[in-house]
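Visitor: Mind folding the following:
(one chain, ligands or ions: 1)
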Amino acid sequence: MSKCQQAVSLLIAAFYEHSGKEGDKLTLSKGELKELLNKEFGDLLGKSSDQAKLDKMFKDLDNNQDGKVDFQEYVTLVACIAMLCNEFFCEDQSAKAGTKAAKK
Ligand SMILES: [Ca+2]
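Guide: Prediction:
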């Protein structure tokens, strides 16, 4: 399997691993989202026990405001994290190349 296919499979597996824990098996509750963030993205985002921060993130992700984060809403989170990582990756690459960032 290619790297990208592996990455997609792992992202899907991570979602269902956590969504299956309580209530609706196809969506993340706030508790499940917290667990997923800490387990899968804790190294990147820092493990958060800040309830207000989690509440805000959950509200922002819950696009249709049904009190659950479904797969589509989760993919939005993954896309945002990928974009953040890409910024760091680009900064790192330009630092290594000894060049200034292309823009600004
Ligand atoms: Ca939702």
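Visitor: So which bits of this protein are right by the ion?
Guide: Residues of the chain lying near the ion by C-beta under 5 Å from the ion: 62, 64, 66, 68. Where C-beta positions appear, they are placed from N, C-alpha and C, glycine not excepted.
Visitor: Pull the number of nearby residues for the last one.
Guide: What that stands for is Lys68. Lys68 has 20 neighbours, counted by other C-beta atoms under 10 Å.
Visitor: mind listing the helices for this protein?
Guide: Using DSSP state H, the helices of the chain run over residues 3-19, 30-45, 51-61, 71-96.
Visitor: How far does the longest one sit from its chain's centre?
Guide: So the one you mean is helix 71-96. 10 Å (C-alpha atoms, centre = their mean, to the nearest Å).
Visitor: Just the buried positions in that helix, please.
Guide: By neighbour count with 16 or more other C-beta atoms under 10 Å, helix 71-96 contains the buried residues 73-74, 77-78.
Visitor: if we can go back for a sec, may I see the helices of the chain organised as a markdown table, with mean pLDDT added?
Guide: A markdown table is the format used below for the helices of the chain (pLDDT from 0 to 100):
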| stretch | mean pLDDT |
| --- | --- |
| helix 3-19 | 97 |
| helix 30-45 | 92 |
| helix 51-61 | 93 |
| helix 71-96 | 93 |
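Visitor: Closest one of the buried residues of helix 71-96 to the ion?
Guide: Glu73 (5.1 Å; C-beta to the ion).
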